[in-house]
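[1] My questions are about this predicted structure, shown below with the sequence.
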Amino acid sequence: MKIHEYQAKQLFAKYAIPVPKGYLALTVDEAESAAAKLVAETGSNVVVVKAQVHAGGRGKGGGVKVAKGGAAEAKELAGKILGMQLVTHQTGPEGQKVRRLYIEQGLGIERELYLGAVVDRDRRRIAFMVSTEGGVEIEKVAAETPEKIMTVHVDPTVGLAGYQARKLAYGLGLEKHGKPTVAKFVTLVTKLYDLFVKEDCSLCEVNPLIVTKDGDVVALDGKINFDDNAEFRHKEWESMRDADEEDPVELEAKAAGLSYVSLDGNVGCLVNGAGLAMATMDIIKAFGDKVGVAPANFLDVGGGANKEQVTKAFSMILKSPHVKAIFVNIFGGIMKCDVIAEGVVAATREMGLKVPLVVRLEGTNVELGRKILADSGLAITAATTMADGASKIVAAVSGTA
Amino acid sequence: MSILVGSETRVLVQGITGSAGSFHAAQCMAYGTQVVAGVTPGRGGEKFEAKDIGKSCPVFDTVDQAVRATGADTSVIFVPPPGAADAILEGFDAGLKLVVCITEGIPVMDMIRVRRAIEGRTLQNGEKQRLIGPNCPGIITPGACKIGIMPGHIHKAGNIGVVSKSGTLTYEAVGQLTALGIGQSTCIGIGGDPVAGLDFVDVLELFQRDPDTHGIILIGEIGGGAEERAAEYIKGKVTKPVAAFIAGATAPEGKRMGHAGAIIAGGKGTALEKQRALMDAGAKIAPTPSDMATTLMAMMAKRA
């Protein structure tokens, strides 16, 4: 789960990680009064207007602007940013509508650095990374100048050790800004580890982390992703969720206990198991690529595929106007094929399904399941193997296109 | 005929009184697995009965008690996510040689701590203690021992080892083998979580050493670097034929595809990279998921 920059900074503040002063604004007028408040509090006319969307690269896309003329200029900039379709390298060409702004004090920047923490699955530890290339995407730095990234891995039984924090501080050359700056960084990174663990993050990024002209170390940006599996012990996450930033179909699927990801093809897929669901997408593409047939979604119905779930899944698949056919691929283990077949037949009847439907069943009670499909009198094409199913679905789509 | 589990394996079920635990304990018993005990704190002294098949086992409050009373050496965990990490540690501390965790949805922070705590642990006789999973279907040695949630009847005893990150895709491979009349030595689902127990390399090492495993099917997916490490290991150490399939060639970047670990991040962990690494190591890549068994059979026929 992703949250906004302003929410990440609220968490930083909770852990006493220094952040600039700032206020959330949902309207242009709120932006103006937030800016006025900041000017009064800081005595500086410099405020920053920042679009709040979950995608990165906001600055380059025109979603972050500096107002040097106080509240009036901030209001003008807010009017331009609020409501715009912000296009960044992470949003896709259609962009993401800006619905929230964060109005923040401007700070005198001496240096921009990168600080990030992720779960390093290969080392099975939390990794802290720093780089002197602040404000630049870390993937770009990793690809072009990997020697500029320094990493430490944290032993979970010990926590981030003092020497590791110092190693990062001296690696960034912070001693050049004075001993207090080194100490401030060590405190900040230690608190960030604490936050990462207690808040069940999967990623924490401060890009840039800045050294101010006064030698302070401040989180100028903040990005936090939470580990979805830990939701059961973080009831507060629900109130932090911004449904506007998520795919409505994916949210609906989650509520129904289905795992769903929208893609841009034309064959709806209903599969049990994540690996088999990916493999089903792959085989549709392999058979259909040359004739313009591709998967429209990833959908894992999990261990249970009863009538209600199949109906729900079909209705979600059909929300995409591009879907020209549906491929059901089930390997029944504990879930019996006859039960699934009954669910598919009932859902097809109930919904008056118009698009071609290819169903491949395998596993427990497969003969019974195939008989139920055949006897239903519905226009369901049965398939025996994944390859058979894929070739039939490709024929169905390219024939009707 | 197998690795890690066989007809002599004595299994206890952690979380046996829950709905998944009781259902699958009975299924494993019906397959012929020696399920000798169940554990649910607060339910010690009860008896677990699989009425349909006329089998039962005692229930204990702790794994330690169950091990002392029944000589169990392996456990399977159906405890829900909030208590699952603790259940794994309890199994290791009670001296089990193998813990199989089926539970899906354990927070990654819990698994980081568990992995650290069990790293390098051995029994008094020097034997390694091992964890399979979490978020996996389990392990089966066909005809001898089923520990997990896979459908037993699609398997057939034989000489092909199967190791996979995915549950149903493992069944798909097994189904293809059995349909060709080819049996399996042992099939292991290692799970799709970012931090877990045995990985491909650990299982490949066991299959390579097992005289009754003649060929291997490896099923990976996008995300992480486990398939690349497997390729490295195959290159240097595996002389048996390996056919592989990597799921997720069509998955978009940055989207989690069901499994917590199945995500392409920063251009890393793509199916193509993994396929290339495995091919370089001498494995054959099944062109589609429908060709896993035939790809391996073609390799074996060529060598014979």
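    Looks like it came in fine.

[2] For the rest of this, base every contact and every neighbour count on C-alpha atoms.
    OK.

[3] Now do the closest residue to B:Gly105 other than its chain neighbours: how many residues are near it, please.
    Spatial nearest neighbour of B:Gly105, chain neighbours left out: A:Asn229 (5.0 Å); criterion: CA to CA, 6 or more residues apart in numbering or on different chains. Residues near A:Asn229, counting by other CA atoms under 10 Å in any protein chain shown, number 18.

[4] Tell me how far B:Glu119 lies from chain A.
    In this structure, B:Glu119 and chain A are 11 Å apart, going by CA to the nearest CA, to the nearest Å.

[5] cool, and B:Lys268?
    Using CA to the nearest CA, B:Lys268 is found at 10 Å from chain A.

[6] correct me, but that residue touches B:Gly223?
    Yes - using CA atoms under 8 Å, B:Lys268 makes contact with B:Gly223 at a distance of 7.2 Å.

[7] The two: which has the busier surroundings?
    When B:Lys268 and B:Gly223 are compared for neighbours, B:Gly223 comes out ahead with 28 against 16, by other CA under 10 Å.

[8] which phi and psi does A:Val87 have?
    phi -110, psi 120 (degrees, to the nearest 10).

[9] so how far is B:Gln65 from it?
    Distance check for A:Val87 against B:Gln65: by CA to CA, to the nearest Å, it reads 60 Å.

[10] Which one of these two is surrounded by more residues?
    Set side by side, A:Val87 and B:Gln65 show more neighbours around A:Val87, with 21 against 16, by other CA under 10 Å.

[11] who's in contact with the more buried one?
    The contact partners of A:Val87, taken as CA atoms under 8 Å, 6 or more residues apart in numbering or on different chains, are A:58, A:61, A:93-96.

[12] So which of the residues you listed is the closest to B:Leu218?
    Closest approach between those and B:Leu218, by CA to CA: A:Pro93, at 37.4 Å.

[13] Who are the contact partners of that closest one?
    Contacts of A:Pro93 (CA under 8 Å, 6+ apart): A:Val87.

[14] try 10 Å
    A:85-87 (CA atoms under 10 Å, 6 or more residues apart in numbering or on different chains).

[15] swap in B:Ala271?
    B:220-223, B:227, B:245-251, B:264, B:277.

[16] and the stretch 51-200 of chain B, which residues reach chain A?
    Within the stretch 51-200 of chain B, the positions adjacent to chain A are B:81-82, B:104-117, B:149-154, B:164-172, B:175-176, B:192-196 by CA under 10 Å from any CA of the partner chain.

[17] Oops, could you answer that again for the stretch 201-304 of chain B instead?
    By the criterion of CA under 10 Å from any CA, the positions of the stretch 201-304 of chain B lying close to chain A are B:219-226, B:229, B:245-262, B:265-268, B:287-291.

[18] In strands only, show me the residues you listed.
    Assigned to strands by DSSP state E, the following of these qualify: B:219-221, B:245-247.

[19] show me where chain A has helices.
    A:5-14, A:28-42, A:70-81, A:138-144, A:162-171, A:179-198, A:237-240, A:248-255, A:274-288, A:307-317, A:337-351, A:366-375, A:386-400 (DSSP state H).

[20] Highest mean neighbour count out of those helices?
    Comparing the helices of chain A by mean neighbour count (mean count of other CA atoms under 10 Å in any protein chain shown), helix A:274-288 ranks first with a mean of 26.

[21] could you check whether that one is close to chain B?
    Yes - residues of helix A:274-288 are located near chain B by CA under 10 Å from any CA, namely A:274-287.

[22] Work out the gap between stretch A:314-333 and the centre of the chain.
    How far stretch A:314-333 lies from its chain's middle: 23 Å, per CA atoms, centre = their mean, to the nearest Å.

[23] Mind checking the pLDDT average for stretch B:157-176?
    The average pLDDT for stretch B:157-176 rounds to 96.

[24] where does the stretch 201-350 of chain A dip in pLDDT?
    The stretch 201-350 of chain A contains residues with pLDDT under 70 at A:303-305.

[25] Which residues of the stretch 301-401 of chain A lie near chain B?
    A:301-303, A:330-335, A:362-364, A:385-388, A:390.

[26] Could you list the domains of the chain?
    Because you didn't say which chain, this covers chain A. Split into domains by automatic domain parsing, chain A comes to A:1-19+A:108-245, A:21-106, A:247-398.

[27] My question was about chain B, not that one.
    Chain B breaks down by automatic domain parsing into domains covering B:10-132, B:151-303.

[28] so which of those domains is the most packed in?
    Mean neighbour count, computed with mean count of other CA under 10 Å, is highest for domain B:151-303 among these, reaching a mean of 22.

[29] one step back: now distance to B:Ala283 too, for the domains of chain A, in TSV please.
    Formatted as TSV, the domains of chain A follow (distance: least, CA to CA, whole Å):
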stretch	distance to B:Ala283
domain A:1-19+A:108-245	22
domain A:21-106	35
domain A:247-398	19
